[in-house]
Structure formats: structure tokens, C-alpha cells
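> my questions are about this predicted structure, shown below with the sequence.
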Amino acid sequence: MPEIKPPRPGTNRSADIPARALPRPGAYWRQLPVLACAMLVSLFWFLSDAPLTARQLTVFAVATLVCAVASIALLQAGQGSPDQEPGTPVDNPDSHLPVSSPFLSPPGEGFGHARLSVSVVIPTYRGREYLVPCLDAVASQTRPADQVIVVDDASPDDTAQWVRDTYPWVEVVALPTNRKFAGAANAGIRACTGDIVVLLNNDTEAEPGWLAALVAPLETDPEVGFCASKLLLFDRRDHLHAAGDGYTVGGVPVNRGAFSKDDGRFDDDPWVFGACAAASAYRRQLLAETGGFDEWLVSYLEDIDLSWRAQLRGYRCRFVPEARVYHHVSATGGQVRPSYWCGRNFLVVLARDMPAPLLRRHWRAIIASQGRIVRDAARHWRGDAARARLRGVLAGLWHLPGAIAQRRALHTGSRVDLEVLDRLLDRA
């Protein structure tokens, strides 16, 4: 049983933050380009009696994305853009992100402290069979956590009470309603007392040295703001699930090395775009400045979105190959729902988070990548997942004005070197 320290006196455990949500579409002229784009997609899809040819699908995808790009341009002109060109000095590097108020008290320790306190947050929903190896592995760490929190996301069984009875050293946060991963993670983060907050999926099993390796860069290197574990497949332990998160210039998130053999090819590349939230560590100050996970994104790209906001604030992500975790990929997720949420969130995160200079620099890759997604889904439109993806794309187009309206708040005071950030983006 690990030694769990009590909360530090004076730590604010009840500070709250309003949920971060995109502005919903309104009845104003800026909505018209997106509505026209959605009408084009709908007409092309629903009024075609004959099977669509590859050429027609290509024209359809390109026309749709041209409408989307035109919408972004019009909305940028109306909203203004504070994004800076590469190399432009930042006028106010110390300003804080005004999207939301901090929901964590200030960190108790500064950079360079030999040992920072660590809180581990494990969201769970109907996953009791996975919690046993997960919590047993957390209990066996060579460096014990100072606090372990399981967030029960309104499971229909007695998971919360079972955890209290079986693992009395674990704190339990029982949510009255299901808030999906992002909401459950935020609820756990609010209950944290540690200087470092570690997110861990319930369907994982960490090696004994995982936690010590994962938090070491945060204790020794002030440049590091968050860290990514080496995630491996649970049933094929010599194959990767993610060696950190990547993001392509075309606006597509990727798990680096997913499903490839772990032959060490990623181990010498420590600086990555982001961390998969299945096993990641964040400075407390990073979460305070960025506002945590965006609950509107539900359970897909919420970690990519947080990585974007952290990078924009000047926090760098370190991939730690010694921090090894085995993961049941999508063990507690669905099949069709991810297609819808990804279809929607790909466009929203791209429009909201990528700096304007990079949008202008990579617009061809963006059109090609997003068009390929729409084309492939349209080709297989008879499948449930493909139809869900197309519905998600339409929803993403509908929410583009709301996403773009948030850009000023997200990008004001950006401290990132855009050339360094651009080099982190995947060209594949």
C-alpha cells in the first residue's frame, strides 16, 4: 500500500471554474457562410440518386472545404486576429488566458524544487474490472503518489463504494451525473493538492517505475510544462499505442507510432507536440493558466486541444520513454460515437487553436487532409461509422463561428515561437 500524504494545510480544494463551452450558433450574418456550406454538403449528399464517382467526391470535398476556408476568412475579417507572424516579438508575454478563471490554487513549490508533490487522477465509468490492475499498479510504484483520486463518472453500479472499501487509501469523487472524460478529469483536477497533476486512464497498467520517470523532467527542467508516457498495447506489449501525441499540418491529430513495434525509434526524440491524456503529467500552473480540459469536446481531442493551449502559453511537452504504461485501447469507449465526435472536433480544434500564420502557411495541406476525410467517409456512407463522421463534419462546420470567436482569447498573449511550434507539426 503506498504512503499517501494528507493535503497541505491551506490548499484550496473547492475552487471552481465555469465549464468551457463554445458559443452556440446565433442568428447573425456571420453564420451565413457556414449555413451555405452545410447546405452544399447536404444537397450533394442527399440529392444524389446515382452512386458518387471518385471525381464527384473529390469535387464535393474541395468545394466544401473552399466554403469552409471562405467562412474562416470572412469571420477573421469581422473578428480581427491577434495572431503574430513568426519572429514577431510578443507585446505582453505575462498576460493570462482570459477564457476561464483558474480552478487550481497557486502551486506550492517553484521550479527547481527537488521533489514536487504528485496527485494521480483516474476517471472511471463502468470499468471496475479494469480498475483492479490499474490501482494495483499505482500502489506498486517505486515513487508513491502523494494523492490518488478515482473519479466515478456516475457509474450505474456501486463502483464508488467498491473503491472506498477495497482501496481505502484512494480518495473517491463520485459525480451525480455522467460528464464524460473531460468533465470527470476536471472534477478530479479540482480535488488535487499536488504540484504535479497526473492523468491516468482506468484501463491501464503502469510499470513500477512509471511515475518516478514521468514526473522527473518536471522536477528538474523548468522548460518542461507537461510530459507524455510511452503507451503500449495491453495485449501486444511490444507494440506502441502512443509515443506522445502529434498533430499534422493538415489538422489531423496522431498517436506517434500507433500500432507499430516498439523498436526505440521514438526514444531519442524527446520534444513532442502533446501528451495523450491516458497517461500524462501536467504542472499545476499550466492547468491553472489554460483552464483544464474543454468539456464541450466530450472525450475526443480534449487532450490535443489542451496541448495546443499549453504550447501557445509557452509550455513544452517532453516524451518520457522510460514511463511505460500498457493500455486497453478504446476498452471503455464506443464505436460509432468516436466517429461523430472526431468529425466535429477535428474542425473545431483546427479553426480555434492553430495560429493564423500556420493556417496561412499550410492551407493546402489542410484542404487536402480534411477533404480526404470527407471523401473517404462519403465513399463508405452506408456504414454507420462513416455516416456518423459525415454528421460530425456538418456539426463542425455549424460550430465554426463559435470556434473562431474564441480565437482572440486563446491567442492573445501567446508566448510560443511559431517556428519551433511549426517544427513539431507532423508533415505526413
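Noted; the coordinates are in hand. What you see is a predicted model; the values in this text were computed from it and never measured.
> show me what contacts residue 226?
If you count contacts by C-beta atoms under 8 Å, 6 or more residues apart in numbering, residue 226 has them with 218, 274-275, 280-283, 286, 307, 310, 315, 317-318. C-beta here means a position set from N, CA and C on the backbone, and glycine is covered the same way.
> now with 10 Å?
Going by C-beta atoms under 10 Å, 6 or more residues apart in numbering, residue 226 touches 196-197, 199, 217-218, 272, 274-275, 280-283, 286-287, 290, 303, 306-307, 310-311, 315-318.
> quick one: the strands in the stretch 201-350 of the chain?
With strands called from DSSP state E, counting those that start in this stretch, the stretch 201-350 of the chain shows them at 204-206, 224-233, 240-243, 245-247, 253-255, 271-272, 279-283, 316-327.
> residue 379: which of those is closest?
Shortest distance between residue 379 and the strands of the stretch 201-350 of the chain, using C-beta to C-beta, is found for strand 253-255: 21.7 Å.
> for residue 261, which of the strands of the stretch 201-350 of the chain is the nearest?
Scanning these with C-beta to C-beta as the criterion, the closest one proves to be strand 240-243, at 7.6 Å.
> ok, and what's touching the closest one?
Surrounding strand 240-243, the residues in contact under the criterion C-beta under 10 Å, 6+ apart are 204, 228-234, 254-267, 269, 272, 274-276, 278-279, 319-321, 325-329.
> 8 Å instead, please
Residues outside strand 240-243 that contact it (C-beta under 8 Å, 6+ apart): 228, 230-233, 255-262, 266-267, 272, 276, 278, 319, 321, 327, 329.
> low-confidence bits of this protein, can you list those?
Within the chain, the stretches falling below the threshold (pLDDT under 70) are 1-114, 330-335.
> can you tell me the centre-most residue of it?
Of all residues in the chain, the one closest to the mean position by C-alpha atoms, centre = their mean is residue 303, 1.2 Å from it.
> how about TSV for the strands of the stretch 201-350 of the chain, with distance to residue 123 added?
Written out in TSV, the entries for the strands of the stretch 201-350 of the chain read as follows (distance: least, C-beta to C-beta, whole Å):
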stretch	distance to residue 123
strand 204-206	11
strand 224-233	16
strand 240-243	18
strand 245-247	18
strand 253-255	19
strand 271-272	23
strand 279-283	12
strand 316-327	14
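> domain ranges for this protein?
Recorded structural domains for the chain (assignment: automatic domain parsing) are 35-93+339-424, 118-327.
> please work out which of those is packed deepest.
Neighbour counts averaged per stretch over the domains of the chain are highest for domain 118-327, at a mean of 21; criterion: mean count of other C-beta atoms under 10 Å.
> chain center to it, what's the gap?
For domain 118-327, the separation from the chain centroid amounts to 11 Å (computed by C-alpha atoms, centre = their mean, to the nearest Å).
> mind checking the end-to-end distance for that domain?
Across its full length, domain 118-327 reaches 21 Å end to end, with C-alpha to C-alpha, to the nearest Å as the criterion.
> same check on stretch 194-212?
Using C-alpha to C-alpha, one end of stretch 194-212 lies 15 Å from the other.
> the chain should start at 58 in everything you say after this.
Okay, using 58 as the starting number, the last item reads as stretch 251-269.
> what pairs with residue 175 across the strands?
Beta-bridge pairing of residue 175, defined through DSSP bridges, involves residue 253.
> quick one: it and residue 280, what's the gap?
Noted for residue 175: a distance of 19 Å to residue 280, by C-beta to C-beta, to the nearest Å.
> do the same with residue 212
Spatial separation of residue 212 from residue 280 under the definition C-beta to C-beta is 39 Å.
> my guess is residue 265 meets residue 197, correct?
Yes - Residue 265 is within contact range of residue 197, at 5.2 Å (criterion: C-beta atoms under 8 Å).
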